[in-house]
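> No letters, just coordinates:
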């Protein structure tokens, strides 16, 4: 998903759901916890591009963008944590 940037709220929603799908796929692809053949540091990851999650990612709208983007990123992180088999906490 490199190079994406949301130009509209519809774009941002699509990218958000694409990230959810990617997180789920990466989580399902991980080796079972305790595996000797794979280390967490060598597993695939998902990088989130903030400009994909909000169509008005610019300084003039900083407070609103930060608030709305924070909620999206937090939801993605919670989803990722639920799919992280290496997390033993």
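In hand now; what should we look at? Quantities reported herein were computed from a predicted structural model and do not represent experimental measurements. Residues are numbered from 1 along each chain as shown.
> Now do the same for residue 87: its pLDDT.
Note on residue 87: pLDDT of 50.
> What of residue 29?
Turning to residue 29, the model gives it a pLDDT of 71.
> In contact with the closest residue to residue 55 other than its chain neighbours, which residues?
Using Cβ to Cβ, 6 or more residues apart in numbering and skipping residues adjacent in sequence, the residue nearest residue 55 is residue 6, 4.5 Å away. In this view, the C-beta of every residue, glycine as well, is placed from N, C-alpha and C. Shown in contact with residue 6 (Cβ atoms under 8 Å, 6 or more residues apart in numbering): 12, 15, 51, 52, 53, 54, 55, 57.
> Now do the same contact list for the second one.
Spelled out, that is residue 15. Residue 15 is in contact with 1, 4, 6, 49, 52, 53, counting by Cβ under 8 Å, 6+ apart.
> Now with 7 Å, please.
Shown in contact with residue 15 (Cβ atoms under 7 Å, 6 or more residues apart in numbering): 4, 6, 52, 53.
> Pipe those residues into TSV and attach distance to residue 66 per row.
Output for those, formatted as TSV (distance: Cβ to Cβ, whole Å):
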residue	distance to residue 66
4	19
6	15
52	15
53	11
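> residue ranges with poor pLDDT in the protein?
Counting by pLDDT under 70, the chain shows low-confidence ranges at 1-3, 30-42, 57, 85-89.
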